[in-house]
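Undergrad: Predicted coordinates and the sequence they were generated for:
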Amino acid sequence: MKINKCLHLIVKDINFSDAEKLDKDIFTFRRGIFLDQEISYSDVEKKLKQLTETLCEQGEKTFDNKIHKKYYRYPNINLSRDKMDNCKQKYGMAKVLNKNKADFSIIGQKMIEKTVQQHWRMSLSSLSSIHSFINKNSEELYEDGVKDSLLAQINELVEKHGKDYPVTIEQHNYYRYSNDKPNPTEVWLEDFRKISHSESYLNTVKKEHMDTFEEILNSTTGMLVSDVFMNNLASEDSHVLSGKDYKQIRALLKSQNKEDKAVGMSIMSNCNIQKSKTYLALLFFHFSETLRGTPMWNQVAFKSLRREFDKYCLEYNHYHSNRYSQCVQFLAEDGALTVNAAEHLITIMFDNVINQSTGINSDNNMFILDKASVKLAPAVKAKVKNDVDLSQIALDMQSDLPF
């Protein structure tokens, strides 16, 4: 994701009924930041997750728990006190309140999300376009000296930032309720709108979070790591889920007893996340709706885990191959696609999509389709990790999903 520094321009509301002239306060500039253009509403969370990972990539690569002891914790991150207590006890880490004295700072996707605001139909222009627009207007539209004052202000900004420096424009829409001829200031505003182009969804950093966002971008608080990284660090000595644990947790989550579900979710949130990715991903894939309906879903310890595995909550199209294809793809990308997981997903895809949806292999059907004919695509097959309890033969029996 590209981060773009800009100026943010607020256009003052105009009282068209009074046909007033434009005064010196018609424009208010402030510094701003906008993200990639044309990010659709559904892609914002994914893009901000990628941004968080990018900001922390270098810090997490060079992190050394023998050296980096003092940490600053930004607000609105998914990292429980229990997890940080583990790091404090094991590595001798200590929290500092002065971020400038910290060896590293902890940020998170939720924190980044809270700094960003999405706008519908916000305009994007440049300093040169705004200057040209004002320059060609008649001085009669402005109060005495206002046109020259605005041009001088924009010239000063051009000298500082360059003529093509981007400007995001915030102005209120208005509606005419009569057939009266529009007055000159109303025409001015309509013409001004034409010098910029509207973005369907433009994401900008909120004014009150500009300082925080810029200090993170510039890493002025030292190296950055994510709450996901710290959760994994805190759980690296924790229990690694086995096939037996997976079956036990499935049974607990299927229970009608709330306490049983809480026990299952507690085991999930306190295990070794990195080494249990396959089982955790499948649990979120199968039980996301069940998990979502529990009080523990919103507890800090579990929130950090569910944010990491949120993409596996594919709660749609149970009888379409795309759901299972995406799960296979995500597991492959995370290095968590094992022979067992691949076999499991092929089996349930075959049963739900092919058998149940098409009727093939039913008692009175004259067509037969064998599960062995369903294969994983080469791109993901190459990423399958061989389980110790299954032979390579099992892998060769499957291959790419034909979708």
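TA: Received it, and whenever you're ready, just let me know what you need.
Undergrad: Run a quick neighbour tally on the closest residue in space to Trp297 that isn't next to it in sequence.
TA: Residue nearest to Trp297 in three dimensions, not counting chain neighbours: Leu291, with 5.8 Å by C-beta to C-beta, 6 or more residues apart in numbering. Placement of C-beta: from N, CA and C, glycine included. When neighbours are counted by other C-beta atoms under 10 Å, Leu291 registers 22.
Undergrad: What are the contacting residues of the strand or helix carrying Leu291?
TA: Leu291 is part of helix 277-292 when elements are defined by DSSP states H and E. Here helix 277-292 makes contact (C-beta atoms under 8 Å, 6 or more residues apart in numbering) with 241, 243, 245-246, 249-250, 253-254, 261, 265, 268, 271, 273, 297, 305-306, 309-310, 312-315, 327, 330-331, 334-338, 340-341, 344.
Undergrad: ok, of the residues you listed, which come out buried?
TA: 241, 245-246, 249-250, 253, 261, 265, 268, 271, 273, 305-306, 309, 312, 314, 327, 330-331, 334, 336-338, 340-341, 344 (16 or more other C-beta atoms under 10 Å).
Undergrad: Pull out the buried residues from the lengthiest helix in the chain.
TA: In the chain, taking DSSP state H as the definition, the longest helix is helix 44-62. For helix 44-62, burial by neighbour count (16+ other C-beta under 10 Å) applies to Val44, Lys47, Leu48, Lys49, Leu51, Thr52, Leu55, Cys56, Gly59, Glu60.
Undergrad: ok, then the element right after that helix?
TA: strand 70-73.
Undergrad: could you pull out the strands for the stretch 101-250 of the chain?
TA: 104-107, 116-126, 166-170, 197-205, 223-226 (DSSP state E, counting those that start in this stretch).
Undergrad: any chance of those in CSV, plus mean neighbour count?
TA: Formatted as CSV, the strands of the stretch 101-250 of the chain follow (neighbours: other C-beta atoms under 10 Å):
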stretch, mean neighbour count
strand 104-107, 23
strand 116-126, 16
strand 166-170, 19
strand 197-205, 18
strand 223-226, 22
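Undergrad: Out of those strands, which is closest to Ile26?
TA: strand 166-170 (12.3 Å; C-beta to C-beta).
Undergrad: residues in contact with the closest one?
TA: Against strand 166-170 from outside (C-beta under 8 Å, 6+ apart): 4, 6-11, 29, 32, 34, 119, 122-127, 130, 196, 202, 204.
Undergrad: Check what pLDDT Asn86 gets.
TA: Looking at Asn86, its pLDDT is 89.
Undergrad: I'd say it and Asn232 touch.
TA: No. Using C-beta atoms under 8 Å, Asn86 makes no contact with Asn232, being 11.3 Å away.
Undergrad: rank the strands of the stretch 101-250 of the chain by mean pLDDT and give me the bottom one.
TA: Ranked by mean pLDDT, these end with strand 197-205 at the bottom, a mean of 75.
Undergrad: Relative to the whole chain's centre, how far out is the longest helix of the chain?
TA: On the basis of C-alpha atoms, centre = their mean, to the nearest Å, helix 44-62 is displaced by 10 Å from the centre of the chain it belongs to.
Undergrad: same question for that helix, mean pLDDT?
TA: Helix 44-62 comes out at a mean pLDDT of 89.
Undergrad: what do you get for stretch 242-255?
TA: Mean predicted confidence for stretch 242-255 is 94.
Undergrad: which strands and helices sit next to the longest helix of the chain?
TA: Counting contacts by 3 or more C-beta pairs under 8 Å, 6 or more residues apart in numbering; DSSP states H and E, helix 44-62 packs against strand 104-107, helix 109-115, strand 116-126, strand 223-226.
Undergrad: okay, these in TSV with distance to Ala379 next?
TA: As requested, those are exported to TSV (distance: least, C-beta to C-beta, whole Å):
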stretch	distance to Ala379
strand 104-107	32
helix 109-115	27
strand 116-126	33
strand 223-226	27
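Undergrad: OK, contacts around the closest residue to Trp188 other than its chain neighbours?
TA: What sits nearest to Trp188 in space, not counting adjacent residues and going by C-beta to C-beta, 6+ apart, is Leu141, at 5.6 Å. Contacts of Leu141 were listed using C-beta under 8 Å, 6+ apart, and they are Lys21, Leu22, Lys147, Pro184, Thr185, Trp188.
Undergrad: What is the nearest of those residues to Ala94?
TA: Leu22 (56.7 Å).
Undergrad: so can I have a markdown table of the contacts of Leu141 showing neighbour count?
TA: What follows is the contacts of Leu141, written out as a markdown table (neighbours: other C-beta under 10 Å):
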| residue | neighbour count |
| --- | --- |
| Lys21 | 15 |
| Leu22 | 21 |
| Lys147 | 19 |
| Pro184 | 15 |
| Thr185 | 19 |
| Trp188 | 20 |
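Undergrad: Please identify which of those residues is nearest to Val374.
TA: Within these, proximity to Val374 (C-beta to C-beta) peaks at Trp188, which comes in at 64.8 Å.
Undergrad: now the stretch 101-250 of the chain, which segments are flagged as low pLDDT?
TA: Scanning the stretch 101-250 of the chain for pLDDT under 70 picks out the ranges 121, 172-180, 197-200, 220-222.
Undergrad: circling back: now tabulate the strands of the stretch 101-250 of the chain in CSV and tack on distance to Leu97.
TA: Below are the strands of the stretch 101-250 of the chain laid out as CSV (distance: least, C-beta to C-beta, whole Å):
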stretch, distance to Leu97
strand 104-107, 12
strand 116-126, 25
strand 166-170, 34
strand 197-205, 24
strand 223-226, 18
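Undergrad: For Arg73, find the nearest of those strands.
TA: Set against Arg73 and scored by C-beta to C-beta, the strands of the stretch 101-250 of the chain come closest in strand 104-107, at 5.1 Å.
Undergrad: what does the closest one rub up against?
TA: So strand 104-107 is contacted by 52, 55-56, 59, 63, 68, 70-74, 77, 79, 99, 216, 221-227, 230 (C-beta under 8 Å, 6+ apart).
Undergrad: so who does the most centrally placed residue in the chain touch?
TA: Nearest to the mean C-alpha position of the chain, by C-alpha atoms, centre = their mean, lies Glu45 at 2.7 Å. Glu45 makes contacts with Gln109, Glu113, as judged by C-beta under 8 Å, 6+ apart.
Undergrad: I appreciate the help and will end here.
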